[in-house]
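Participant: Mind folding the following:
(chains A and B)
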Amino acid sequence: MKTAFRSLVMILAIAMISCGGKEEKKEGFSVDRAKSTEKPTEAPEAANEVPASQRVTLDEKGVGQIKEITLDPEIDAEMAAAGEALFKTNCNACHKIDKRFIGPSPKGILERRSPEWIMNMILDPQLMVEEDRCAKDLLIEFNGAAMANQNLTVEETRSILEYFRTL
Amino acid sequence: MKKYRYSITTLLVLALVVASCGDQNGKASSNGALSSSAAEKVYVAPGEQDEFYAFLSGGYSGNLTVYGLPSGRMFKEIPVFSQFPTSGYGYSEETKPMLNTSYGFVPWDDLHHPDISQTNGELDGRWIFVNGNNTPRIGRVNLSTFETEEIIEIPNSAGNHSSSFITENTEYVVAGTRFSVPVPQRDMPINEYKGNFKGALTFISVEPEHGRLDIKFQLLMPGFNYDLSHPGRGESHGWFFFTTYNTEEANSLMEVNSSQNDKDFIAAINWKKIEEYVNGGGGTKIPANYAHNVYDETTHTGTSTMNKEVLTVDPTKVPGAVFFLPTPKSPHGCDVDPSGQYIIGNGKLSADLTIHSFDKMLAAIEEKKFDGEAYGIPILKFEDVLAGTVKSGGLGPLHTEFDAKGNAYTTFFISSEVVKWKLGTWEVIDRKPTFYSVGHLMIPGGNSRKPFGKYVVAMNKITKDRYLPTGPEMEHSAQIYDISGEKMELIYDFPTHGEPHYAAGCPAELLAPKSKKIYRLNENKHRYAVTNPGEARVERDGNEVHIYMSTIRSHFTPDNIEGVKVGDKVYFHITNHEQDFDVPHGFSIIGQNTSELLVMPGQTKTSVWEPKQVGVWPFYCTDFCSALHQEMQGYVRVSPANSNIDLSWSLGE
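Facilitator: As a prediction, this is how the structure comes out:
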């Protein structure tokens, strides 16, 4: 029995070695599981069936130092360019323009969130997650990947917001 | 167990008694024994912070440890002279140059005497200087980053022990040799020591803005052992004092042969006079070879430069600059009181302490009252310079520090005690046992013009039964005494790391507000930094592969790398893109022959990996960084040396 087992292992081992550098493409196993991106692990409140990333909360200003800002109808191109540069250095590791990544894409964010909410989220994500319902739901929706505080100034944050307006 | 339970009950009862009669503002008064609770004095409640920083040398650990007083809690170990796998210091490509010497890479030393920078004789908290005793070096640690910024090797020195003490405006950090040696080094019989060996006392200038070190001059003294030193301060600013032993100039069986003379010397050096002499073109440049290693905070990189020359000064060529003060007996500590008037010789083989008077010394020099000379250096008469003697009854005085009320505190090694005595009257006020065999002691600011005389920390050489036993080897013990009252009170006992030979302390508010929280990513000038994850990439240069990688909670960019081959030398250049306080990321890869890296926010560090086996090898973050820390990993595919797989890298594809 022992010998038989050993031979089997040997044969398997040889079979594996003979496969060589180019691995045969194997399908992963499948079990009927929901992908967490499709169904948040923690169901949102009954009133809020829509995933946080698609929810429109334009009336919410979030929690933090930004209470009220007014956007000029014209986009300030210079400010937006500065914001783009900051975005690439400080945000791009987790937020991609063309796709959902570690966090959501900022594309179209101004259709869903108020400018104040966006700036508060950048300036103090921890406080937002603790005290803002939408920010908390977003954290859950995005697998608990907490947004990093990049220690940006209000001015820097404002320029990133301006960049978001161009997307 | 029963015994423990009994003592806990007793403690609780005592605590209740104490609590019920203590006053309401939490500060113990000194009325009666029971009203002052030692526990209350050292208890720093959860969430609260200590009153003082204490920097204890690590001795043979080669590093410096940071503690809080009065809690005795250890906050950090700062690597200086020893490799430190915890952070990658001395293992990372950026920090390897810091340990370069004329003997090559020396990854260890024996760190003895921390001293905090001063302005007008008061602690200013810019830097802390430390000495490497074995392969003579002086290190400078920045007290906003708490990182080693500079290490300079000391040529012509051996057993760099009467170091690293600073003058009162941090003009110089001084490094004196304990062992005299041939200068320059040469092949000669050991028993021709006498008259031929030299003791180099090195004055290293400190550039005021950035603290950069540069050897200004080396004073080549007679071949004694220069044990410890301290600067003059106040009225004696401009002088430096060194204790000597082995004035017998013995070269063997030192414990007998160096203990023959009933008096050795304290060497008094008028460094201002020598500085003038040197600035006027005096001194002799001789060939030398010593490393000067500097770490740049913006490039996050150390560089090592070899210097080839040093300026030496013959003390007999500068009249009026160097004198010997006879001092019993094989004095160890050389301490100067806050006023600068008294120079204390802690004669370790004597029962008494000898105190010299600076004014008397000047007068004796003025009147040329000499008692002979040693190798052309005038010896002053003991009686002419003596201010007083502390007859304590203790044995083996080693070190003295001061409070702000005119008291001095001296350790006695052999009789295991701290003795408090009064400057001027020399009377003993109090004595308390230590546990056991105390070496040095420290009062925050206790070697400056402005001591903060609330606590004294006694650093002991022997631990024995103070803590639960841990086999033959134990950490050394330290004791904290409350010295705010007339009598000292032992209030706490805590283990230290390595062997502290000295310490420096300062009020927390001097350092805490300026302690750096993060490195700004936009100020990162590291050659291999990626300040934007879009720049993350892999480049090949022959068999060198450079991986420009960034990290943020919780992934590496890139995290899948292919095209690496057996025989390659792979450099992982990791830039931490976090900009938040206390969010480092770590990096390690299977089979790495160095240590992990711990990369602070905004910083770049590099680890070299030389893959030896074909396979797919994981790397991961070693610092628990977020809820998704366990997901912070990646793979490197290593192909055979002759494979033609192209370099490729990706994240999330």
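Participant: Quick check: the gap between the residue most central in space within chain A and residue B:653.
Facilitator: In chain A, the centroid-proximal residue (C-alpha atoms, centre = their mean) is residue A:103; its distance is 0.7 Å. To residue B:653, residue A:103 is 17 Å away according to C-beta to C-beta, to the nearest Å. Using the backbone N, CA and C atoms, a C-beta is placed for each residue, glycine as well.
Participant: quick one on the thing from earlier: need phi/psi at the residue nearest to the centre of chain A.
Facilitator: Here is the backbone geometry of residue A:103 (degrees, to the nearest 10): phi -120, psi -180.
Participant: my read: it touches residue A:142, true?
Facilitator: Yes. Counting by C-beta atoms under 8 Å, residue A:142 is a contact partner of residue A:103 at 5.7 Å.
Participant: At the contact with chain B, which residues of chain A appear?
Facilitator: Where chain A comes near chain B, counting by C-beta under 8 Å from any C-beta of the partner chain, the residues are A:21, A:88-90, A:92-94, A:101-102, A:143-146, A:148-152.
Participant: Can you tell me which of those residues are buried?
Facilitator: For the residues of chain A next to chain B, a burial check counting by 16 or more other C-beta atoms under 10 Å in any protein chain shown picks out A:88-90, A:92-94, A:101-102, A:143, A:145-146, A:148-152.
Participant: so what's residue B:51 closest to, chain neighbours aside?
Facilitator: The spatial neighbour of residue B:51 that comes closest, neighbours along the chain excluded (C-beta to C-beta, 6 or more residues apart in numbering or on different chains), is residue B:508 at 5.9 Å.
Participant: distance of the one you found from residue B:49?
Facilitator: Distance from residue B:508 to residue B:49, by C-beta to C-beta: 6 Å.
Participant: cool, and residue A:143?
Facilitator: Residue A:143 sits 35 Å away from residue B:49, taking C-beta to C-beta as the criterion.
Participant: strand partners of the helix or strand hosting residue B:418, parallel vs antiparallel please.
Facilitator: If you go by DSSP states H and E, residue B:418 is part of strand B:417-422. Strands adjacent to strand B:417-422 in the sheet, as given by DSSP bridges, are strand B:407-412 (antiparallel), strand B:428-433 (antiparallel).
Participant: Can I get the last one in CSV? Just the C-alpha atoms.
Facilitator: Put plainly, it is strand B:428-433. Only the C-alpha atoms of strand B:428-433 are listed here, as CSV (Å, rounded to 0.1, in the frame of the first residue of the first chain):
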residue,chain,number,x,y,z
VAL,B,428,26.7,64.1,52.8
ILE,B,429,22.9,64.7,52.9
ASP,B,430,21.5,61.3,52.1
ARG,B,431,22.4,57.9,50.7
LYS,B,432,20.2,55.2,49.2
PRO,B,433,21.1,51.7,48.1
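Participant: Rounded mean pLDDT for it, please.
Facilitator: Averaged across strand B:428-433, the pLDDT comes to 97.
Participant: can you pull the buried residues of that strand?
Facilitator: For strand B:428-433, a neighbour-count test (16+ other C-beta under 10 Å) marks B:428, B:430, B:431, B:432 as buried.
Participant: after that strand comes which helix or strand?
Facilitator: The helix or strand immediately downstream of strand B:428-433 is strand B:438-442, counting by DSSP H and E.
Participant: Name the strands paired with that following strand and say parallel or antiparallel.
Facilitator: strand B:455-460 (antiparallel).
Participant: Would you mind giving the secondary structure of whatever residue of the stretch 151-300 of chain B ends up closest to chain A?
Facilitator: Proximity of the stretch 151-300 of chain B to chain A (C-beta to the nearest C-beta) peaks at residue B:298, 16.1 Å away. Three-state call for residue B:298 (DSSP: H, G, I helix; E, B strand; the rest coil): coil.
Participant: what separates the residue nearest to it when sequence neighbours are not counted from chain A, distance-wise?
Facilitator: Using C-beta to C-beta, 6+ apart and skipping the chain neighbours, the partner closest in space to residue B:298 is residue B:525 (4.5 Å). Computed as C-beta to the nearest C-beta, to the nearest Å, the residue B:525 to chain A distance reads 14 Å.
Participant: wouldn't residue B:525 be in contact with residue B:299 here?
Facilitator: Yes. Contact criterion C-beta under 8 Å: residue B:525 and residue B:299 qualify, at 4.8 Å.
Participant: Does residue A:155 fall in a helix, a strand, or a coil region?
Facilitator: Following three-state DSSP, residue A:155 is assigned to helix.
Participant: Run a quick neighbour tally on it.
Facilitator: Residues near residue A:155, counting by other C-beta atoms under 10 Å in any protein chain shown, number 9.
Participant: what does residue B:420 give?
Facilitator: For residue B:420, the count of nearby residues is 22 (other C-beta under 10 Å).
Participant: Ok, the one 5 residues further on next?
Facilitator: Counted with other C-beta under 10 Å, the burial measure for residue B:425 works out to 11 neighbours.
Participant: before we move on, back to that, from chain B, how far out is the residue nearest to the centre of chain A?
Facilitator: The value you get for residue A:103 to chain B, if C-beta to the nearest C-beta is used, is 11 Å.
Participant: who's in contact with that residue?
Facilitator: With contact set as C-beta atoms under 8 Å, 6 or more residues apart in numbering or on different chains, residue A:103 has these partners: A:94, A:95, A:138, A:142, A:145, A:147.
Participant: so who does the second one touch?
Facilitator: The reference is to residue A:95. Shown in contact with residue A:95 (C-beta under 8 Å, 6+ apart): A:87, A:101, A:102, A:103, A:104, A:105, A:106.
Participant: my guess is the first one is in a helix, correct?
Facilitator: This points to residue A:87. Yes. Assessed by three-state DSSP, residue A:87 belongs to a helix.
Participant: residue ranges of the strands in the stretch 201-350 of chain B, please?
Facilitator: In the stretch 201-350 of chain B, the strands defined using DSSP state E, counting those that start in this stretch lie at B:213-222, B:225-231, B:239-245, B:264-270, B:284-296, B:301-313, B:322-327, B:331-336, B:342-347.
Participant: In the chain, mark out all the helices, start to finish.
Facilitator: The chain I'm using is chain A. Taking DSSP state H as the test, the helices found in chain A are A:2-18, A:77-90, A:115-123, A:125-131, A:133-141, A:154-166.
Participant: nope, chain B
Facilitator: Under DSSP H, chain B gives helices at B:2-21, B:38-42, B:254-257, B:271-279, B:358-366, B:382-385, B:508-511.
Participant: which residues are contacting the third one?
Facilitator: The reference is to helix B:254-257. Residues outside helix B:254-257 that contact it (C-beta under 8 Å, 6+ apart) are B:246, B:248, B:250.
Participant: wait, doesn't the last one sit right on residue B:259?
Facilitator: No. Applying C-beta under 8 Å, one finds residue B:250 not in contact with residue B:259, separated by 9.1 Å.
Participant: Tell me which helix or strand in chain A has the weakest average pLDDT.
Facilitator: Ranked by mean pLDDT, DSSP states H and E, the weakest helix or strand in chain A is helix A:2-18, scoring a mean of 51.
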